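1. fold the following, please.
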Amino acid sequence: MTKNAEGSREDLSKIADEELMKWSKEELVRRLRRSDAEKMTVMIDHSNLIKEVNRRLQVHLTEIRGLKDINQKLQEDNQELRDLCCFLDDDRQKGKKVWREW
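-> Below you'll find the model as predicted:
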């Protein structure tokens, strides 16, 4: 067997057909099973990564919703303060006018 075929994570598709034909059936089955197991492990790892990404995404979306609510409340408070400032400024102007007329 070649050095390439002896690696634990070799890509069987890269091994020449002539080389594969030299292997025994048992060796081919063993390597096929190992390759299938490695692919299944990779798929499970990928699935777990996707689940983690989705979980984090949900956490961020929840945080964004909360921040939007806080932002809306702050904008309402800001508008209320602006209205109060306008009212107080108008009242000050009226008081100033009355003081001048007196």
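
2. got the phi and psi for I15?
-> Backbone torsions of I15, given as degrees, to the nearest 10, read phi -90, psi 130.

3. can you check the pLDDT for it?
-> According to the prediction, I15 has pLDDT 84.

4. any idea how far it is from D83?
-> I15 sits at a distance of 78 Å from D83 (criterion: Cβ to Cβ, to the nearest Å). C-beta here means a position set from N, CA and C on the backbone, and glycine is covered the same way.

5. before we move on, what about S13?
-> From S13 across to D83, the span is 72 Å (Cβ to Cβ).

6. when these two are compared, which one has more neighbours?
-> D83 (10 against 6; other Cβ atoms under 10 Å).

7. helix or strand for that one, which one?
-> helix 25-101 (DSSP states H and E).

8. gap between that helix and the chain center?
-> Here helix 25-101 is found 11 Å from its chain centre; the criterion is Cα atoms, centre = their mean, to the nearest Å.
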